[in-house]
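# Build me a model:
(chains A and B)
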Amino acid sequence: MNSQSALSASSVAPRITGERLAVEVRNASVIYQAKDAPVHALSDIDLDIAEGEFVALIGPSGCGKTTLMRVIADLESISAGQVLVNGVSPHEARLARAYGYVFQAPALFPWRTVLANVTLPLQIMGRSREEARRIALEHLAHVGLGGFEQKYPWQLSGGMQQRVSIARALSFEPKILMMDEPFGALDEITRDRLNEQLQQLWQRERRTVVFVTHSIAEAVYLSTRIVVMSPRPGRIVKVIQSPLPDERHLGLRDSTDFMAVAHEVREALAEGHHD
Amino acid sequence: MTEAVWRASWQRLRLQGAPVLVVLLSVLLLWYAGAWAMNAQGAIERVLPADQPWSWQDLLAATLSMERPVLPAPHQVAADLWASLTGWPMDSPRNLLFHVAVTGESTLWGFVMGTALGLLLAVAIVHSRTLDRALLPWIVASQTVPVLAIAPIVLVILGSLGFSGVAPKAVIAMYLCFFPVTVAMVQGLRSPQRIETEMLYTYAASRWQALWLLRLPAALPFLFPALRVGIAAGLVGAMVAELPTGAQAGLGARLLTGSYYGNTVQIWSALVMSALLGLALTAAVAAVEQLVLRNRRQA
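Now for the predicted structure:
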């Protein structure tokens, strides 16, 4: 317990002092009341995420990585502790449309065209029709789907559908992008390509990204910081600052630096499992 | 290309049309046999000369052309329909289209009111747990009361309030219409998956936006089958409402006067017309459904 809090304490200090914090999590716990005993989905989590960071939450199922992100997104409430997003509560941050959330499934509305799916958040936020259309076309082009705007979701492949959902999450220019295993349901080839595109997207815009995954390669390739979590109770076992350069390409995955980080993540995951 | 299309449609006709045709022919054959069997007694007693011998051909001809047969033959009904539709102006009570218009009007009003009521109830039910518990049992219970028992009461009450004509009939049609719409819409409005609801939540969408942008469109595939059932039920309601009024107009009234005077051909003509009306109304709803849901496909 002691060594664990020491480990998480190291993550409290922001990467570069002076940078603003996008997310602050202090002693946060989530406890569900189950029939026999309470379940500690998250236990004493401390985590700071600075603006412009790409943070991956990785761990086996049940480690609370999705719960942690849902807490930050105001989709779940904490039992104890404090969470701040852009300096305000998750609830206020959600009402201020501070973040875009990409779910495990694309969740596109089948009765709306690709374009109308991307304009959906803009429509909700009361933007004019022409403005929403212009912005949506721009974001569709960013994810490589220019020319598909009049198609319906069922006419697109799974990878394309997930790209539409990313364009939708980015359409209203949120400061934070949260992604919950967005490519988990896709084949590896598609996944690699989307990882590369996501990396380029982050390079271009430097938005804060919180990314939940259970793929070590994905976490190491994409993120500037990797948060390794462990189940029962859900906790952070290690935070790894990536030594990899910000500019990345898929070939990097064969480099020794990449291997070293991946190894470190794997070690931390195994460590968490032995407890 | 065109040849392939022709062949495909011929194939479809052969596959779907042929069985329908066979059934139609069998029904007609059975109908004629039934007409002969059921009318024979009456024909022997009333039509055929009692003092002269007659052949089976005479009997057959007599049974299929009686004025008040127990079961009129299809061609008699067809002839009566034709005479009614072509022999009289549209505003004459002898023209069946006049009655179709009267019944159709109350059916459509009832359908519109019933659909509106059903939508309103469903929206209220899915947005309030209290209303869900309070309303749903009563809505289900309302349908256990036979419409035949309700109709006279509605007519009397609305009549005393000064409502006559189409209003009471529409209300009774509405009574049958709203139920399938309510039940289907409650299910449909609850059909969006959690992930879709949560997505709108992350956009900080209001309840009304969630209803308008997600729940209603998601419920449409549930709504249309209910509308098809509802409009057919509304027609039943409208016709039942015409019975106790001693109404002068409408297909229900036409059925009633036909049975008063033992005019079986008239009853059958009214019956065929109401079947056609029901078919046309359901087909109209189905056409709207096709149009509205043309871009949908489940993955």
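
# And residue B:57, how far from residue A:101?
84 Å (Cβ to Cβ, to the nearest Å). (Glycine included, C-beta is placed from N, CA and C.)

# of those two, who's got more company?
Per other Cβ atoms under 10 Å in any protein chain shown, whichever of residue B:57 and residue A:101 has more neighbours is residue A:101, with 28 against 8.

# what's across from that one in the sheet?
residue A:178 (DSSP bridges).

# where in chain A is pLDDT low?
A:1-18, A:274-275 (pLDDT under 70).

# Bridge partners for residue A:229, pull those for me.
In this entry, residue A:229 is beta-bridged to residue A:236, by DSSP bridges.

# these two touch, right, it and residue A:65?
Yes - counting by Cβ atoms under 8 Å, residue A:65 is a contact partner of residue A:229 at 5.2 Å.

# The two: which is more packed in?
residue A:65 (29 against 25).

# neighbours around residue A:165, how many?
Counted with other Cβ under 10 Å, residue A:165 comes out at 25.

# pLDDT weak spots in the stretch 101-250 of chain B?
B:245-247.

# and it, which residues reach chain A?
B:193, B:195-196, B:198-205, B:209, B:213-214, B:217-218, B:220 (Cβ under 8 Å from any Cβ of the partner chain).

# Just the residues you listed: which are in helices?
Judged by DSSP state H, the subset of these located in helices is B:195-196, B:198-202, B:209, B:217-218, B:220.

# Any chance of these in JSON lines with neighbour count as columns?
Formatted as JSON lines, these follow (neighbours: other Cβ atoms under 10 Å in any protein chain shown):
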{"residue": "B:195", "neighbour count": "13"}
{"residue": "B:196", "neighbour count": "20"}
{"residue": "B:198", "neighbour count": "15"}
{"residue": "B:199", "neighbour count": "26"}
{"residue": "B:200", "neighbour count": "21"}
{"residue": "B:201", "neighbour count": "16"}
{"residue": "B:202", "neighbour count": "22"}
{"residue": "B:209", "neighbour count": "17"}
{"residue": "B:217", "neighbour count": "18"}
{"residue": "B:218", "neighbour count": "19"}
{"residue": "B:220", "neighbour count": "15"}
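
# Mind putting those into TSV with distance to residue A:61?
Listed next are these as TSV, based on distance: Cβ to Cβ, whole Å:
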residue	distance to residue A:61
B:195	18
B:196	23
B:198	19
B:199	22
B:200	26
B:201	24
B:202	23
B:209	33
B:217	33
B:218	29
B:220	36
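
# can stretch A:60-68 be found next to chain B?
No - figure legend: stretch A:60-68 not in contact with chain B (Cβ under 8 Å from any Cβ); closest approach 12.0 Å.

# Report the buried residues of that stretch.
Buried residues in stretch A:60-68, counting neighbours by 16 or more other Cβ atoms under 10 Å in any protein chain shown, are found at A:63-68.

# Just name the closest of these to chain B, please.
residue A:66 (12.0 Å; Cβ to the nearest Cβ).

# Could you identify the most distant pair in the ones in helices among the residues of the stretch 101-250 of chain B next to chain A?
The most widely separated members of these, counting by Cβ to Cβ, are B:202 and B:220 (24.2 Å).
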